[in-house]
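# Below are the sequence and a predicted model for it; my questions follow.
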Amino acid sequence: MIPLIEKYRIKTFEDIKGQSIAVQEVKNFYKTFPMKKALLLNGPAGTGKTSLAIALAKEYNLELFELNASDLRNRTKLEEVLKPSLEQSSLFKKGKIILMDEADGITATDRGGLPELIALLSKTPFPIIITSNDIWQKKFSLLRQKCKIVNLKELKEDEIKKIIIDVLNKEEKRIKLETIVLISKQARGDVRAALNDLQSVIDLGEEEYVREISEREKEENIFVIIKKIFQHPINEDTIRIFDNANIDLDDILLWIEENIPLEYDGERLARAYEALSKADIFRGRIYRKQHWRFLMYESFFLSAGVSSASKIKNDKFVNYKRPSRILKIWMANQKNQKRKSITAKLAKFCHLSARKAYNESFLFPLILAGLDEKSKKKMELDEKDIEYIQEKKADLIISKNLNRFRISG
Amino acid sequence: MGIDETNIWTEKYRPKKFEEVVGQDDIVKRVGNLTKSLNIPHMLFAGPPGTGKSTLALIVVKELFGKNWKENYLELNASDERGIDVVRQKVKDFARTKALGDVTFKVIFLDEADALTREAQQALRRTMENYTNTCRFILSCNYSSKIIDPIQSRCVIMRFKLLEKKDIEKRVKFISELEKLEVDNNSIETLYEVSEGDFRRVINLMQASASISSKITSELINTLASTARPSDIKIVLEYALSGDFLNAKDKLLDIMLRDSVSGTDIIKSIQKEIWNLSIDNELKVKLTEKTGEIEFRMVEGSDEFIQLEALLAGFVLAGKGN
């Protein structure tokens, strides 16, 4: 099955929705070439930049020649690539356009990067189309001067809705209107994202999709929140940061705990954990005394408290991690289930609490391994318990090298 | 259930009569006299673990009820029962029927009563009053200060002391004779030290040692006792002092999960380990101060690991200045 995103890739100008001004400008650029050698299509992801280039090639029956950033790094390779296309043009008398997709990836200083692209602009016999997400970065200032710039807008929710309904009709599929609205909202102007989401609705079913979205949203939210806490100096918003977040404070606590060491070190690390430690104290007091007003303080130390570990604004990219401790604890508990159930049996027998028996159970394999059959039976230890006990005893003997204490003979 | 015949030594060598109990002479005498009169008051046994609280309670009921003791005795553990409602229901069910025999009441032993919250203790107090005609309570706890005053005032309080070395020595010699073990004075000394006066621990260490060798040396005891202590704490602290927080934290979690060690035990080891670190003494004082603060916070807080992380971050900072 062809993915929707490929199946409904735009091929002609007529297919392009919501970008009529851009279409007109692209046509003008081609007609007036070589007044400007290059056209710069600038806009967010999924607004139709590449599609516009494809449609242009189709409209005027041109060959589309794609170039990527790594081609620019290598002058000989670039010439090799361009040479045959120059010759071919005379052979078939067919026009050509060169597409330089995603120019944002080009570095400004590297040899063969941006300077090479600019050099190419002056000598190219063919129109060049460059696409980018953010052409207003400083490094592109020279490039901007040499190109005709066309800005593409994000598509409006309504326009995306129309596209989805159109695709659904062609596919002869029906889904709930709410889901269509949700997809259009989620897409945030990105047609590709919308079609990908539509794909998962068709593949996974609507409910699964809606659930996934709410998870995705939550996670995005948390990323934004912890980035703000870690990287912005405190202001009034910091204290209110959890107000509209709709995320459990317990989750946030764990997210912050996991990510402090990825963000801070040295003194700031210590200060951030100091604040986290205080937040935890209030959390403990809330649970113990059910005194919910303390939530104020827990939330305050989690936001402003942690945030005050660093006074300077920081823009560095940190790959925040999902909290892993709870999962690790859960896995360890699964592993310790057997030990727990055995020590619970022991507890019943020895006038102990299960908790105490478990905590003091470090010697139990040695003690229980030597039990006689009658005692085993009385304690209700089954085969598997005995097996586990023997195994643990063997572990202990090896890890503590206990055999050296045995009397030989 | 025939507990008496088991070969788990803590049960096998649990004293069955007042005369067999070592140490706690005054308490044994008082409780013995009360028991002889066949009318005991509510009692609160307060004292460190392994000093004979449960043992004495068991002797009391056996003396009172003879071979019918099991029908007239309910043992509950406050830290295992989920909530005071469960305790109350069990007490209610148990107290509904009258005691058999000469004694007109039944006995309820509530172990680790200090694990109950204040609210739960208030509820317990009412339960004690409601059933006082048919039931006597023996509560046990480590610290009587954690038991609310109204309960304390309704009980005769017996304060158990840590066992003395001579008591432990006496019992250890008795057991090793019956089990045909070779235990020299040095080993007895070691048993006394590592068990910190907890007789349950002494016996467990003896039985574990005996499973390896009939000659119990003090090195063997030390080796076995060290399994109780998280051994890799030093590595954790060294990571932290060298500034490698992430490794310190991962290693710590690893230790805690692998050996299911509680945060409280970890921080005890940290506090002891600080003095073995090769750093200057002034820094040791600072780190110990921080450790104390964090141990205090653990009691107040909700998540022991977060507090330990805060402590490690403090070590990172201290290591940097060093």
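All right, it came through fine.
# Just give me the neighbour total for A:Asn246.
Neighbour count for A:Asn246, taken as other Cβ atoms under 10 Å in any protein chain shown: 10. Bear in mind the C-beta positions are built from the backbone N, C-alpha and C, glycine included.
# That one: what's it in contact with?
Each residue near A:Asn246 by Cβ atoms under 8 Å, 6 or more residues apart in numbering or on different chains is listed here: A:Lys218, A:Asn221.
# how close does it get to A:Lys218?
8 Å (Cβ to Cβ, to the nearest Å).
# in the sheet, who's paired with the closest residue to A:Ile135 other than its chain neighbours?
Excluding the flanking residues, the one nearest A:Ile135 by Cβ to Cβ, 6 or more residues apart in numbering or on different chains is A:Asn42, at 4.3 Å. Counting by DSSP bridges, A:Asn42 forms beta bridges with A:Ser132, A:Asn151.
# you'd agree A:Asn42 is up against A:Phe140?
No: the criterion here is Cβ atoms under 8 Å, and A:Asn42 misses it with A:Phe140 at 9.4 Å.
# Are there residues contacting both of the two? Which ones?
In contact with both A:Asn42 and A:Phe140: A:Ser132, using Cβ under 8 Å, 6+ apart.
# and A:Lys153, how many neighbours does it have?
Neighbourhood size, A:Lys153 [other Cβ under 10 Å]: 14.
# pretty sure it contacts A:Leu41?
No: if you go by Cβ under 8 Å, A:Lys153 and A:Leu41 don't touch, sitting 11.9 Å apart.
# re the thing from before, pLDDT value on the residue nearest to A:Ile135, please?
Each residue has a pLDDT score; the one for A:Asn42 is 89.
# got a list of what it touches?
Neighbours of A:Asn42 in contact, by Cβ under 8 Å, 6+ apart: A:Lys49, A:Thr131, A:Ser132, A:Asn133, A:Asp134, A:Ile135, A:Trp136, A:Ile149, A:Val150, A:Asn151, A:Leu152.
# Now for the residue lying closest to B:Val91 once chain neighbours are set aside: which residues touch it?
Sequence neighbours aside, B:Thr127 is the residue nearest to B:Val91 in space, at 5.6 Å (criterion: Cβ to Cβ, 6+ apart). Counting by Cβ under 8 Å, 6+ apart, B:Thr127 makes contact with B:Val87, B:Arg88, B:Val91, B:Lys92.
# ok but A:Leu371 is inside a helix, no?
No: counting by DSSP: H, G, I helix; E, B strand; the rest coil, A:Leu371 falls outside a helix, being coil.
# Give the helix, strand or coil label for the nearest residue to it once chain neighbours are set aside.
Nearest residue to A:Leu371, sequence neighbours excluded (Cβ to Cβ, 6+ apart): B:Asn7, at 6.0 Å. Three-state assignment for B:Asn7 (three-state DSSP): coil.
# count of neighbours near B:Asn7?
B:Asn7 - counted by other Cβ under 10 Å - has 14 other residues nearby.
# Point out the residues in the stretch 201-350 of chain A that sit beside chain B.
A:253, A:257, A:260-261, A:265-267, A:269-270, A:272-274, A:276-277, A:280-281, A:283-287, A:325, A:328-329, A:332, A:336, A:339, A:346-347, A:349-350 (Cβ under 8 Å from any Cβ of the partner chain).
# Residue 320: which element?
If you meant another chain, say so; for now it's chain A. A:Tyr320 is part of no helix or strand when elements are defined by DSSP states H and E.
# ah, no, chain B please
helix B:304-321.
# Is that helix in proximity to chain A?
Yes: counting by Cβ under 8 Å from any Cβ, chain A has neighbours in helix B:304-321: B:Phe305, B:Ile306, B:Gln307, B:Glu309, B:Ala310, B:Leu312, B:Ala313, B:Gly314, B:Val316, B:Leu317, B:Lys320.
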